[in-house]
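K.L.:
could you look at this predicted model? Sequence included:
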Amino acid sequence: MRIGAREDIGIPAEAVFALLADFAAHEQGARRRGATILCEGLRDSPEPGLAWDVSGHYRGKQRRLRLVLEAYDPPIGMVVAISGGGFESRVDLGVVAMARGRSRLLADLEVRPRTLGARILMQSLRLGRAALVRRLQARLREFAARAEARHRAGQ
């Protein structure tokens, strides 16, 4: 199953990509929500192969995920592969410069089931696909608002 969303942001593409690639901030946010994270590689100089093992409680169960940075091309985009819980996912994040000081963030999520239980769950997700797209769009909107606020505060 594939879903995608896009959001226009009122800051330069390089600044948007810098916020996307701030892995330390993403890790800190996950830790605040109770996740345990083990990073394999150098966050300061990201390159394909950088990986994270993430575990934590979600919806009453202990979950484990493995995230691997498959592609990293500043300031154009990055691809992260995620595996765990019977699913394999791929998140493709891209940034397109639209004009001076404006950019567009593109997010594409592909999810594939690996187990029978995951296939059954995937059927439910397909029925609620529109709600998933709305949630992804809302997350991009929140990211855009935070990015614009941080950019204004930093200028």
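P.N.:
Great, that's in hand.
K.L.:
which helix is the longest one in this structure?
P.N.:
For the chain, the longest helix by residue count, based on DSSP state H, is helix 129-154.
K.L.:
quick one: mean pLDDT for that helix?
P.N.:
Over the span of helix 129-154, the pLDDT mean works out to 93.
K.L.:
what do you get for stretch 38-52?
P.N.:
Taken as a whole, stretch 38-52 has a mean pLDDT of 88.
K.L.:
buried stuff in it?
P.N.:
Counting neighbours by 16 or more other C-beta atoms under 10 Å, one finds that the buried residues in stretch 38-52 are 41, 50, 52. No exception for glycine: its C-beta is placed from N, CA and C like everyone else's.
K.L.:
show me the contacts for the second one.
P.N.:
In other words, residue 50. Contact criterion C-beta atoms under 8 Å, 6 or more residues apart in numbering gives 23, 39, 40, 41, 42, 43, 68, 69, 72 as the residues in contact with residue 50.
K.L.:
tell me which of those fall in helices.
P.N.:
Using DSSP H to define helices, the subset of the contacts of residue 50 located there is residue 23.
K.L.:
how about the contacts of residue 50 in CSV, adding distance to residue 130?
P.N.:
Below are the contacts of residue 50 laid out as CSV (distance: C-beta to C-beta, whole Å):
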residue, distance to residue 130
23, 31
39, 35
40, 37
41, 37
42, 40
43, 36
68, 29
69, 30
72, 31
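K.L.:
what's the closest of the contacts of residue 50 to residue 114?
P.N.:
Nearest to residue 114 among the contacts of residue 50 is residue 68, at 15.4 Å by C-beta to C-beta.
K.L.:
show me how far stretch 63-80 is from its chain's centre.
P.N.:
The chain centre lies 8 Å from the centre of stretch 63-80; the measure is C-alpha atoms, centre = their mean, to the nearest Å.
K.L.:
okay, buried residues for it please.
P.N.:
65, 67, 68, 69, 72, 75, 77, 78, 79, 80.
K.L.:
picking that back up, helices or strands up against the longest helix of the chain?
P.N.:
Of the remaining helices and strands, those touching helix 129-154 by 3 or more C-beta pairs under 8 Å, 6 or more residues apart in numbering; DSSP states H and E are strand 2-9, helix 13-20, strand 102-113.
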